[in-house]
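A.B. asks: Just need the structure, nothing else, for what follows:
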Amino acid sequence: MTFSLCMIVKNGEKTLERCLESVKGVFDEIIIVDTGSFDRTKPVSLRYTDKIYDYAWNENFADARNYSFSKAKGDYIMWLDADDVLEKSEKEKLISLKETASAKTDVFMMKYAVSFDKNGRETFTYYRERLLKRERNFKWKGFVHEVITPTGNVEFCDITVKHLPSESENRDPARNLRMYENYVSRGGILDARQKYYYARELYYNGRNEKASAVFEDFLRDKSAWPPDKLGAVYVLYDIYGKDNPEKAGEALAKGLAGDFLAPQLFCLAGDRMLERGKYREAVLWYKTALLCPKDYRKFGFVTVDYEEYYPYMQLCLCYDRLGDRVTANKYNMKAKNIKPDSEEVKYNEKYFENVLKDGKLSENGVENESEM
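C.D. replies: Now for the predicted structure:
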């Protein structure tokens with residue numbers, strides 16, 4: 001079985017070498033499509049491959065990726081961006097996959113880790129269609145936030161690609177938004193997925209009124225993907241926030257009535273009860289977040305803290321407000337097991353130490369809880 005690596009790159013000299021070094025020796029060919037670099041991207045690329053192609057940028061990422069795939073000859077095609085990295089352990093897993101994978105698999109999904117805390121712990125991840133059978137002739141769609149819809153035999157792999165942009169890289173935060181607005185101004189019609197990401201770009205650029213209108217329109221689209229609908233709910237809840245609690249509640253209700261559930265949704269419901277002083281109701285929502293099946297990870301965005309750390313911390317707060325500091329302290333210790341260096345956990349520890357000294361550690365209302 002042979003693997004091709006296909007990349008589209010522009011001015012990637014700050015990270016490209018790191019990326020290619022991290023996968024050195026894995027691929028039978030490396031294809032670099034340059035969309036207009038004026039730095040040292042090409043000289044860096046030449047150290048690893050002679051298959052470098054120029055591509056006239058036309059404001060369409062899908063077209064550029066499809067062009068890169070058209071140059072591949074391997075049995076399977078993998079794609080990476082210049083600021084992606086495979087750690088040594090993940091590279092070894094990929095080599096093993098190359099040696100043992102079934103040729104019946106059409107798409108290999110791999111986890112994409114895009115955000116990390118100060119200790120390097122993954123905080124935001126999702127799965128991407130990362131390695132695809134060439135003979136299936138998969139096509140990228142979407143001029144921005146391009147995607148290949150996984151079809152056929154799909155396998156989820158225990159391999160993680162890390163996205164690590166250069167801290168010194170000068171990114172244009174409005175680039176994607178301009179591309180969307182140029183497209184719409186020319187009469188282009190956005191499908192459900194592109195509508196969702198257009199709304200997100202509006203939100204990222206502080207245009208909340210327009211973003212909320214596009215999100216609301218997106219949620220009415222029957223073709224919208226359920227995990228994206230949930231993502232829209234999260235952002236709408238944040239946009240409406242405390243300024244429009246009624247609309248925030250309506251957004252949350254849409255999420256809870258949907259077909260796709262995730263821990264973050266239940267945590268937001270808990271937060272809403274907590275803000276209203278309904279501590280026992282909040283407790284129920286946070287415990288539901290802890291019980292939420294992890295299958296959602298395969299299809300939606302994963303903000304890891306909402307699975308355990310955040311609900312533990314909020315349960316600590318709720319039980320403290322209820323006067324049950326024994327249980328509150330227990331949940332703080334559970335949070336500590338996940339994030340030993342958390343400043344919030346350390347603050348709580350000092351608080352409970354003082355409570356103990358003052359003899360105020362009450363067991364009023366303590367529950368006979370199973371270990372959760």
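
A.B. asks: Quick one: the strands in the stretch 251-372 of the chain, in order.
C.D. replies: Here the stretch 251-372 of the chain has its strands, by DSSP state E, counting those that start in this stretch, at 302-303.

A.B. asks: Flag the shaky bits of it, pLDDT-wise.
C.D. replies: Scanning the stretch 251-372 of the chain with the threshold set as pLDDT under 70 gives 358-372.

A.B. asks: likewise the stretch 101-250 of the chain?
C.D. replies: For the stretch 101-250 of the chain (pLDDT under 70), the answer is 168-170.

A.B. asks: what ranges do the helices span in it?
C.D. replies: Along the stretch 101-250 of the chain, the segments classed as helices by DSSP state H, counting those that start in this stretch run 175-185, 192-204, 208-219, 226-240, 245-256.

A.B. asks: Tell me which residues of the shortest one come out buried.
C.D. replies: Buried residues in helix 175-185, counted by 16 or more other CB atoms under 10 Å: N176, L177, M179, Y180, Y183. The C-beta positions use only the backbone N, C-alpha and C, and glycine is treated the same way.

A.B. asks: what does that helix contact?
C.D. replies: E59, F143, V144, H145, L190, Q194, Y197, Y198, E201, L202, Y204, N205 (CB atoms under 8 Å, 6 or more residues apart in numbering).

A.B. asks: Tell me the backbone dihedrals of the second one, please.
C.D. replies: So the one you mean is F143. phi -70, psi -20 (degrees, to the nearest 10).

A.B. asks: you'd agree it is up against E59?
C.D. replies: Yes: judged on CB atoms under 8 Å, F143 makes contact with E59 at a distance of 6.5 Å.

A.B. asks: These two - which one has more neighbours?
C.D. replies: F143 (21 against 13; other CB atoms under 10 Å).

A.B. asks: about what we covered before: adding distance to F27, write the buried residues of helix 175-185 out as a markdown table.
C.D. replies: Below are these laid out as a markdown table (distance: CB to CB, whole Å):
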| residue | distance to F27 |
| --- | --- |
| N176 | 29 |
| L177 | 34 |
| M179 | 30 |
| Y180 | 33 |
| Y183 | 34 |
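
A.B. asks: Quick check: of the residues you listed, which lies closest to R272?
C.D. replies: Of all these, the one with the least separation from R272 (CB to CB) is L177, at 30.0 Å.

A.B. asks: Let's see the lengthiest strand in the chain as PDB, backbone CA atoms only.
C.D. replies: When the chain is parsed with DSSP state E, its longest strand is strand 122-133. Extracted C-alpha coordinates of strand 122-133, given in PDB (Å, rounded to 0.1, in the frame of the first residue of the first chain):
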ATOM      1  CA  GLU A 122      -5.600  19.300  24.100                       C
ATOM      2  CA  THR A 123      -8.600  21.500  24.800                       C
ATOM      3  CA  PHE A 124     -10.400  21.600  21.400                       C
ATOM      4  CA  THR A 125     -10.500  18.700  18.900                       C
ATOM      5  CA  TYR A 126     -12.500  17.200  16.100                       C
ATOM      6  CA  TYR A 127     -12.200  14.400  13.500                       C
ATOM      7  CA  ARG A 128     -11.300  15.100   9.900                       C
ATOM      8  CA  GLU A 129     -11.300  13.000   6.800                       C
ATOM      9  CA  ARG A 130      -7.500  12.800   6.700                       C
ATOM     10  CA  LEU A 131      -6.500   9.800   4.500                       C
ATOM     11  CA  LEU A 132      -8.600   8.900   1.500                       C
ATOM     12  CA  LYS A 133      -8.500   6.100  -1.100                       C
END
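
A.B. asks: Next, the angle from it to helix 226-240.
C.D. replies: Angle between the axes of strand 122-133 and helix 226-240 is 150 degrees (criterion: axes from the mean of the first three to the mean of the last three CA atoms, to 10 degrees).

A.B. asks: in its sheet, what does strand 122-133 sit against?
C.D. replies: Strand 122-133 has the following strand partners under DSSP bridges: strand 76-79 (antiparallel), strand 107-116 (antiparallel), strand 302-303 (antiparallel).

A.B. asks: Can you say which of these is nearest to F124?
C.D. replies: Minimum separation from F124 across the strands paired with strand 122-133 (CB to CB) falls at strand 107-116, 3.6 Å.

A.B. asks: out of the contacts of helix 175-185, which are buried?
C.D. replies: F143, V144, H145, L190, Q194, Y197, Y198, E201, L202.

A.B. asks: follow-up on the earlier one: can you put the helices of the stretch 101-250 of the chain in TSV and add distance to F138?
C.D. replies: Shown next, in TSV, are those (distance: least, CB to CB, whole Å):
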stretch	distance to F138
helix 175-185	23
helix 192-204	16
helix 208-219	25
helix 226-240	20
helix 245-256	31
